[in-house]
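[1] Task: produce atomic coordinates for the following.
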Amino acid sequence: MEWAQVLVIILAIFLAFFLLLAIILVAMLIKVTRQIKNVTNSAEHTVRSVERAVTNISRITSPILLVQTIFAFFKNKRRK
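    Residues are numbered from 1 along each chain as shown. Model prediction:
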């Protein structure tokens, strides 16, 4: 067996090893990408829920603050 054949066999083994390693890494990358997608969807859902809650609270507090301001104005007028 000549050295060139030995070298070809060694290179073929390394090529097969790196090909297998690349396939495993791509599978892991796909798994991580899916997990990131799930996390971002969950965060987006949470942000939408918080946004809805803040909107509802602001709808309630705005009239309350207006009424409090009007009452404070009339209280100050009565004292004078």
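[2] and the gap between Ile9 and Ala16?
    Using Cβ to Cβ, to the nearest Å, Ile9 is found at 11 Å from Ala16. Heads up, the C-betas are built off the backbone N, CA and C, glycines and all.
[3] other SSEs contacting the strand or helix carrying Ala43?
    Assessed by DSSP states H and E, Ala43 sits inside helix 3-79. Judged by 3 or more Cβ pairs under 8 Å, 6 or more residues apart in numbering; DSSP states H and E, helix 3-79 has no packing partners among the helices and strands.
[4] For the remainder of this discussion, apply numbering that starts at 5.
    Taking 5 as the first residue, the last one we looked at is helix 7-83.
[5] so for it, what's the average pLDDT?
    The average pLDDT within helix 7-83 is 90.
[6] How far does that helix sit from its chain's centre?
    Remark: helix 7-83 is offset 1 Å from the chain centroid, using Cα atoms, centre = their mean, to the nearest Å.
[7] Over to stretch 74-84?
    In terms of Cα atoms, centre = their mean, the centre of stretch 74-84 is found 50 Å from the chain centre.
[8] Tabulate the CA atom coordinates of that stretch in PDB.
    Below are the C-alpha coordinates for stretch 74-84, written out as PDB (Å, rounded to 0.1, in the frame of the first residue of the first chain):
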ATOM      1  CA  ILE A  74     -62.500  69.000  39.800                       C
ATOM      2  CA  PHE A  75     -63.300  68.200  43.500                       C
ATOM      3  CA  ALA A  76     -60.000  69.800  44.600                       C
ATOM      4  CA  PHE A  77     -60.900  72.900  42.700                       C
ATOM      5  CA  PHE A  78     -64.300  73.200  44.200                       C
ATOM      6  CA  LYS A  79     -62.900  72.500  47.700                       C
ATOM      7  CA  ASN A  80     -60.400  75.300  47.300                       C
ATOM      8  CA  LYS A  81     -63.200  77.700  46.000                       C
ATOM      9  CA  ARG A  82     -65.400  76.900  49.100                       C
ATOM     10  CA  ARG A  83     -62.500  77.600  51.500                       C
ATOM     11  CA  LYS A  84     -61.900  81.100  50.100                       C
END
